[in-house]
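1. sequence plus predicted model, see below.
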Amino acid sequence: MTKNKENGSGLGVFALLAGAAAGAAALFFSKKENRDQAGKTLAKAEKQIEHVGAEIKKNPQAFARKVEKQGERLAQKVVKDVSKKSRAVKQKANTTATKVQAEAKAVTPTITKKKVVVQKKLAKK
């Protein structure tokens, strides 16, 4: 009985999400310019699919090599972007560390002087 309850609640959430998605789609497609834009995008995608299909039928091995090269380029681009971002994060961390060290140095002499004064007073007694 517990399993049925759990499955039922999951279906309810799914139905709620599906209804929200359908409502959003209906709202989007209610405007003529959105329908026109979607139609243009679908026509463009259809042409690209036909072109790719013809290319695959013509020479599947060449197409596979082409896709592999594109994947390698994309991977190199991602690695390059990630390394740029990591350098930026590293630079920011270094800058922050430098600021913290400078603040620590500014505070340290004051503490050291007080310790010296306290130690001198204790030594006199």
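-> Looks like it came in fine.
2. next one: the spatially most central residue of the chain from Ala97, what distance?
-> Among the residues of the chain, Val82 comes closest to the average C-alpha position under Cα atoms, centre = their mean, at 10.9 Å. Distance of Val82 to Ala97, computed by Cβ to Cβ, to the nearest Å: 22 Å. Yep, even glycine has a C-beta here, placed from its N, CA and C like the rest.
3. max-length helix in this protein?
-> helix 60-124 (DSSP state H).
4. give me the mean pLDDT for it.
-> Regarding helix 60-124, the rounded mean pLDDT is 80.
5. how distant is it from the center of its chain?
-> Relative to its chain's centre, helix 60-124 lies at 20 Å (Cα atoms, centre = their mean, to the nearest Å).
6. who are the packing partners of that helix?
-> helix 32-58 (3 or more Cβ pairs under 8 Å, 6 or more residues apart in numbering; DSSP states H and E).
7. between the longest helix of the chain and helix 32-58, how many degrees?
-> For helix 60-124 against helix 32-58, the angle by axes from the mean of the first three to the mean of the last three Cα atoms, to 10 degrees is 110 degrees.
8. ok, Ile56 - how many residues close by?
-> 13 (other Cβ atoms under 10 Å).
9. from Glu68, how far out is it?
-> Distance, Ile56 to Glu68, using Cβ to Cβ: 14 Å.
10. same check, this time on Pro60
-> Counting by Cβ to Cβ - Pro60 and Glu68 are separated by 12 Å.
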